[in-house]
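Enquirer: A predicted structure for the sequence below; I have some questions about it.
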Amino acid sequence: MYGLSERTSERAMGGSSFGGIATLCAALRHPHVWGSSLVESPSLWIGEESFLNDIAQHTGPLPSRMFIGMGGKEFSGVRPPALVQQFPTADATVEGYAVTLADIMLDKGLPRSHLQVIVEAEASHTESAWASRLPAALKHVCAPWWLRVLEDRHAHLMTTVPKRLRPGCPGVLLVNRARSDTLGECEHLQLVAGFNMDWETKLPDIALQPTSWRLSQLTAPGETVPAQHAEPSDDWWVASFDVPADAYEMHLALSGTNSDSPDSEREWDNNAGSNFYLPLAPALPPPSLFAARLLGADGASADGAEAQAPLTAAMQKAQEALSADHQALANRNSSRTFFSIPETLLAGAPAVLYVNKKRTCFHDQPNVKLHHGWNGWDSKMLDGGAALADFKPTSLWRDEGTDWWAAHLNVPESASEMNFAFTNGDWLWDSNNGYNYTATVMSMSGAAAGPVARPRQIEHVQELPHGAGTMHILQLAKRDPSDPGYTKQGRWVDERTVRVWTPAGWSPDADRAPPGGWPVLYLSDGQNKFEDFLAHQGVSWSVGYQSSDLVTSGALPPFLVVGVDSAGPMRSLNYLPYAPGEPTRQAASLNPKSPAML
């Protein structure tokens, strides 16, 4: 549904307090699932300290990276003064647990560079303390997520994240200084860039920031770096920027100096004077309401009725066409004046109409518009029978005889034919010699059957803007009594809400996601992770906002965050390896055959 990565190295889990214990259990019991662990203020006192012994006796694989955070006032910062006086050494004891855990990880072979421990003397056992350490924690546990980007594009001078920039979304430029013939010795690098023809929208010059990313530092224990990937062939610098909503191509050059003085002489890497050119991903029309009703969030049929199958297949095919390679379709239609995607319009579906401006009477005009209607200019379809849509320039190939412009459409559900002509919005028209142009629309009328409910797994999804991305709030359906996982105690321990934060530019489509899927961080106690008004202490981790900052600044590649709300007062039943009231047993918590709950 969200296109998450299947690679262990691109999945991390994190939590605090009891959630920190659950994170450790998950990392050690399921090392094939979780590559990195974010452990904040773990309650290592559980089981009369036997949990630390369990970890010390663990003989299986370790997570590839781990962050451990702890405060110097974990006990005294949240307990009444009388209790603090009664246990004066509690803070030191709890802090010692974190040091012991770190020593165990190092003794078992976790490389020191893959383990980060932060102990803040004045921090206590609070959400605000965990929130303050979050940027450092994310930079550490998520660092391997750059590995695939650097590995795949190691031989390039530059690359972007996402691989093809999208209009209206943040972008990140990565420059490998070691691959530049002119800038390799420069101490300061700058990005000089603009968007659209003739640098229509100019960006302010942006200073690129050096990074410490090296493939040798990002690999997991036991992995090797191919010789061609070793230093100094990777020397990555990074800059972030916002892509204008009306952008369709980017032009750029790189400059460098050995001083930060504005009068310093500049060296240039500008593609031998031609500047570098990056076509942007085509802007796509939003899904129509009909498509949203017909297709679920994962692209599967929302209704599931057998009678809906042909209709659903047609809608899926139309959506796939919109996400396909538009340049390939333009090449196939190079001799035509216009073409549409999908090539046969579908009633109720979004569409894009391309026109080759060079093959029309508008080739020297600054604007071209689509004058269109439906079903013989039926006035019931549109007010007055017709409407105007603007064509916009695109990043498709241009030459002396080719200049493709695009207009977005949402085809009405009751349409069977599209009628249209081209105009500059004033006196100039191309109306097919007065006959207008027509395009057949595949009709969907009468094909749909009544909705049939899907198995109740996700009951409701709400989407809200959050930081630079989107928050998807998933309400889970209650288990059906026929479900093998159904138990009477489920009403107390089954989670009900999952919160998924997606970055700007996210798409579940396989061809728009990173190869293999999106990196993802899972967090327990999801209700405490995103918004202050939901957090039980009144302060959240602000994960969505902090992740937005790290992604848009280029510190981390785009990734998703999945927060699973706890089951409330009974959360210990889900998070702790020892069931309440049961005697502790040596190594029980990490034994896969143990009946203890995780």
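Expert: Thanks, I have it.
Enquirer: Check which residues of the helix or strand hosting residue 547 are buried.
Expert: Secondary structure assignment for residue 547, by DSSP states H and E: helix 543-552. Across helix 543-552, burial judged by 16 or more other Cβ atoms under 10 Å covers 543-552. (Glycine included, C-beta is placed from N, CA and C.)
Enquirer: of all those residues, which comes closest to residue 204?
Expert: residue 552 (15.8 Å; Cβ to Cβ).
Enquirer: Contacts only, for the residue lying closest to that closest one once chain neighbours are set aside.
Expert: Nearest residue to residue 552, sequence neighbours excluded (Cβ to Cβ, 6 or more residues apart in numbering): residue 170, at 4.3 Å. Residue 170 is in contact with 240-243, 468, 504-505, 551-552, counting by Cβ atoms under 8 Å, 6 or more residues apart in numbering.
Enquirer: From residue 4, how far out is residue 170?
Expert: In this view, residue 170 and residue 4 are 21 Å apart by Cβ to Cβ, to the nearest Å.
Enquirer: Same question for residue 81.
Expert: Counting by Cβ to Cβ - residue 81 and residue 4 are separated by 47 Å.
Enquirer: More neighbours: which of these two?
Expert: residue 4 (20 against 8; other Cβ atoms under 10 Å).
Enquirer: what is the more buried one paired to in the beta sheet?
Expert: With DSSP bridges as the criterion, residue 4 is bridged to residue 518.
Enquirer: Identify the residues contacting stretch 545-559?
Expert: So stretch 545-559 is in contact with 131, 134-135, 138-139, 142, 145-146, 149, 161-162, 170, 172-174, 209, 238-240, 242, 466-469, 501, 503-506, 514, 518-521, 561, going by Cβ under 8 Å, 6+ apart.
Enquirer: These, buried ones only, as a PyMOL selection?
Expert: A single PyMOL command selects the buried members of the contacts of stretch 545-559 (16+ other Cβ under 10 Å):
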select buried, resi 131+134+138+142+145+146+149+161+162+170+172+173+174+238+239+240+466+467+468+469+501+503+504+505+506+514+518+519+520+521+561
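Enquirer: Can you flag which of the contacts of stretch 545-559 belong to helices?
Expert: Members of these lying in helices (criterion: DSSP state H): 131, 134-135, 138-139, 149.
Enquirer: before we move on, which element is residue 573 in?
Expert: helix 571-575.
Enquirer: and what of residue 98?
Expert: Residue 98 belongs to helix 90-107, assigned by DSSP H and E.
Enquirer: Pull the distance from that helix to the chain's centre.
Expert: 34 Å (Cα atoms, centre = their mean, to the nearest Å).
Enquirer: ok, then the element right after the host helix or strand of residue 352?
Expert: Residue 352 is part of strand 350-356 when elements are defined by DSSP H and E. Helices and strands here follow DSSP H and E; after strand 350-356, the next one along the chain is strand 369-374.
Enquirer: which of the residues in the helix or strand following that following strand are buried?
Expert: Going down the chain from strand 369-374, the next helix or strand is strand 387-390, by DSSP H and E. Buried residues in strand 387-390, counted by 16+ other Cβ under 10 Å: none are found.
Enquirer: Please report the number of neighbouring residues for the nearest residue to residue 408 once chain neighbours are set aside.
Expert: What sits nearest to residue 408 in space, not counting adjacent residues and going by Cβ to Cβ, 6+ apart, is residue 285, at 3.9 Å. Under the neighbour criterion other Cβ under 10 Å, residue 285 is assigned a count of 17.
Enquirer: Just confirm residue 285 contacts residue 349, I think it does.
Expert: No. At 9.3 Å, residue 285 does not count as touching residue 349 under the criterion of Cβ atoms under 8 Å.
Enquirer: shared neighbours, these two?
Expert: residue 410.
Enquirer: which strands and helices sit next to the helix holding residue 98?
Expert: helix 50-56, strand 65-73, strand 115-124 (3 or more Cβ pairs under 8 Å, 6 or more residues apart in numbering; DSSP states H and E).
Enquirer: how about the residue nearest to residue 61 when sequence neighbours are not counted, what does it touch?
Expert: Among residues not flanking residue 61 along the chain, residue 31 sits closest, at 4.0 Å (Cβ to Cβ, 6+ apart). Contact partners of residue 31, counting by Cβ under 8 Å, 6+ apart, are 8, 60-63.
Enquirer: Separate out the buried members of those.
Expert: If we count by 16+ other Cβ under 10 Å, the contacts of residue 31 have these buried: 8, 61-63.
Enquirer: Widest-spaced pair of these?
Expert: Pairwise distances among the buried ones among the contacts of residue 31 were taken by Cβ to Cβ; the largest, 12.1 Å, belongs to 8 and 62.
Enquirer: ok, the contacts of residue 170 vs residue 272, which is closest?
Expert: Out of the contacts of residue 170, the member with the shortest distance to residue 272 (by Cβ to Cβ) is residue 241, at 24.0 Å.
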